[in-house]
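A.B. asks: kindly return the folded structure for what I paste below:
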Amino acid sequence: MNTKIKIQLSFMMFLEFFIWGGWFVTLGTFLGDNLKASGGEIAMAFSTQSWGAIIAPFIIGLIADRYFNAERILGVLHLLGALLMYQMYSADDFAIFYPYVLGYMIIYMPTLALVNSISFNQMKDPAKEFAFVRVFGTIGWIVAGLIISYVFLWDSAEARADGLLKNTFLMVAIASAVLGLFSFSLPKTPPTAIKDGNVNISTILGLDALKLLKDRNFLIFFISSVLICIPLAFYYQNANPFLAEIGMENPTGKMTLGQASEVLFMLLLPFFFKRFGFKMTIIAGMLAWTIRYLLFAYGNAGDLAFMLIIGIALHGICYDFFFVSGQIYTDSKAGEKFKSAAQGLITLATYGFGMLIGFWVAGKISDMYLVSDNVHDWTNIWTFPAIFAFVVMALFAIFFKNEVIEYKK
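C.D. replies: You can find the predicted model right below:
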């Protein structure tokens with residue numbers, strides 16, 4: 001890639017994840033404080049991510065990959081997203097807010113695949129070049145959190161009491177409009193799918209890879225992946241409201257430590273994977289979920305605040321050691337013919353159905369331990385996903401037969 005294209009792609013990734021991190025992290029806090037939403041309603045709002053993940057393959061497979069340039073679809077989707085974000089900013093009731101957030105996530109989730117397609121199309125060696133571009137996405141997510149907490153202070157107790165947290169949607173609407181317009185200047189990425197009608201629903205959804213489930217080890221991994229998304233959903237849905245409710249200062253800014261740790265553990269993953277193998281890497285990732293939630297359950301914003309900081313910092317192990325190593329394992333098992341289908345199947349099962357269940361469970365548990373108006377019994381709330389993650393880890397450790405997997409760069 002020449003320098004100009006590298007800068008374009010890096011800026012694209014920065015805005016793509018600045019947009020996601022700029023509202024999704026504080027969504028639960030906003031809904032509870034500003035719209036007085038219940039745990040079940042908050043779960044509905046977060047579940048829109050899962051519905052977006054389920055519907056996204058149809059948008060990409062049936063429309064973007066077959067008829068239009070990826071950069072043009074990206075531009076149109078983000079311009080529409082800017083309009084929906086502004087409507088979310090203006091909403092003063094959950095019933096009004098929900099259709100907008102559902103519509104937004106249905107059009108945002110496909111953009112995650114589009115930015116990857118645009119990037120890969122410009123790279124001669126994606127294995128070496130993609131990491132540099134993708135890391136700007138993580139930086140964008142971090143910058144969004146720092147701006148919310150340390151520049152505008154929108155997640156401070158005073159600002160939240162004044163309803164200022166809704167300004168995150170306005171900020172993201174502006175960023176989405178900028179990315180929408182900028183997308184039309186990106187390198188041309190023409191449709192790649194065969195236009196002869198051979199692309200069917202099974203291919204688009206990755207269902208061609210279902211035959212991999214005949215492999216006992218892959219079946220255990222697949223089931224574990226779906227189940228571990230239940231405790232994962234607790235973090236996305238409850239972490240920011242939890243930190244804000246117990247009085248931690250600048251909770252959104254502090255949560256960016258999780259993204260910073262992602263970068264660190266992404267670099268450490270190949271060494272751990274090679275030294276200890278796939279099974280131990282997955283077990284370490286699941287055990288980290290249990291430890292993190294126990295730290296959340298018994299830490300506080302006072303003298304035990306360090307426990308919460310450690311819990312946030314474990315995000316790199318929780319995410320990279322399970323999900324990234326899982327992608328590597330899936331790639332090795334699928335073979336050349338089913339690589340894309342297998343990755344699509346895992347994404348559909350985890351971010352689609354797995355987290356859909358997880359958000360629903362998290363909402364039920366949150367409502368169950370609601371002590372009074374906007375006050376929760378967080379010890380019991382966090383204990384549930386801690387135990388659940390430990391059980392999933394134990395079942396995986398017992399039933400998954402150790403096998404040697406070659407790490408693919």
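
A.B. asks: mind listing the strands for this structure?
C.D. replies: Ranges of strands in the chain, per DSSP state E, are 370-372, 375-376.

A.B. asks: what lies in contact with the longest one?
C.D. replies: Right, the one you point to is strand 370-372. Gly39, His376, Asp377 (CB atoms under 8 Å, 6 or more residues apart in numbering). In short, each C-beta sits where N, CA and C put it, glycine included.

A.B. asks: quick one on the thing from earlier: out of the strands of the chain, indicate the one that is most buried.
C.D. replies: strand 375-376 (a mean of 17; mean count of other CB atoms under 10 Å).

A.B. asks: give me the sheet partners of that one and which way each runs.
C.D. replies: strand 370-372 (antiparallel) (DSSP bridges).

A.B. asks: what sits against the nearest residue to Val178 once chain neighbours are set aside?
C.D. replies: Excluding the flanking residues, the one nearest Val178 by CB to CB, 6 or more residues apart in numbering is Leu15, at 6.5 Å. By CB under 8 Å, 6+ apart, the contact list for Leu15 reads Gly140, Ala175, Val178, Leu179, Phe182.

A.B. asks: likewise Phe296?
C.D. replies: Here Phe296 is in contact with Ala239, Phe242, Met307, Leu308, Gly311, Trp378, Trp382 (CB under 8 Å, 6+ apart).

A.B. asks: one step back: who wins on neighbours among the contacts of Leu15?
C.D. replies: Leu179 (26 neighbours; other CB atoms under 10 Å).

A.B. asks: distance check, that one against Ala95.
C.D. replies: 29 Å (CB to CB, to the nearest Å).

A.B. asks: same deal with Ile228?
C.D. replies: Ile228 is 33 Å from Ala95, by CB to CB.

A.B. asks: settle it for me: which of those two has more neighbours?
C.D. replies: Ile228 (27 against 9).

A.B. asks: and the gap between the more buried one and Phe97?
C.D. replies: 29 Å.

A.B. asks: now Arg72
C.D. replies: From Arg72 to Phe97 the distance is 29 Å (CB to CB).

A.B. asks: who has more neighbours, those two?
C.D. replies: For the pair Arg72 and Phe97, the greater number of neighbours falls to Phe97 (23 against 16), based on other CB under 10 Å.

A.B. asks: let me see the contact set for that one.
C.D. replies: Leu31, Leu35, Ala45, Met88, Ala91.

A.B. asks: closest to Cys318 among these?
C.D. replies: The closest of those to Cys318 turns out to be Ala45 (CB to CB; 22.5 Å).

A.B. asks: that closest one touches Pro99, doesn't it?
C.D. replies: No: contact criterion CB atoms under 8 Å: Ala45 and Pro99 do not qualify, at 10.9 Å.

A.B. asks: the two - which one has more neighbours?
C.D. replies: Ala45 (25 against 14).

A.B. asks: Phe353 and Ser50 touch, don't they?
C.D. replies: Yes: taking CB under 8 Å as the definition, Phe353 is a contact partner of Ser50 at 7.2 Å.

A.B. asks: ok, back up a step: from Pro126, how far off is the residue nearest to Val178?
C.D. replies: Leu15 is 21 Å from Pro126, by CB to CB.

A.B. asks: what does Thr347 give?
C.D. replies: Taking CB to CB, one finds Thr347 at 18 Å from Pro126.

A.B. asks: if you count surrounding residues, which of those two has more?
C.D. replies: A direct count of neighbours by other CB under 10 Å for Thr347 and Pro126 places Thr347 higher, at 23 against 14.

A.B. asks: how close does that one get to Trp20?
C.D. replies: 16 Å.

A.B. asks: again, but for Lys128
C.D. replies: 26 Å.

A.B. asks: so for the two, which sits in the more crowded spot?
C.D. replies: Neighbour totals were compared for Lys128 and Trp20, and Trp20 leads with 21 against 10 (other CB under 10 Å).

A.B. asks: surely that one is in contact with Trp141?
C.D. replies: Yes: applying CB under 8 Å, one finds Trp20 in contact with Trp141, separated by 6.7 Å.

A.B. asks: okay, how far is it across stretch 343-353, tip to tip?
C.D. replies: 15 Å (CA to CA, to the nearest Å).

A.B. asks: quick one: mean pLDDT for that stretch?
C.D. replies: On average, the pLDDT along stretch 343-353 is 84.

A.B. asks: what's the offset of that stretch from the middle of its chain?
C.D. replies: The chain centroid and the centroid of stretch 343-353 are separated by 12 Å under CA atoms, centre = their mean, to the nearest Å.

A.B. asks: picking that back up, what confidence value was assigned to the residue nearest to Val178?
C.D. replies: pLDDT, Leu15: 98.
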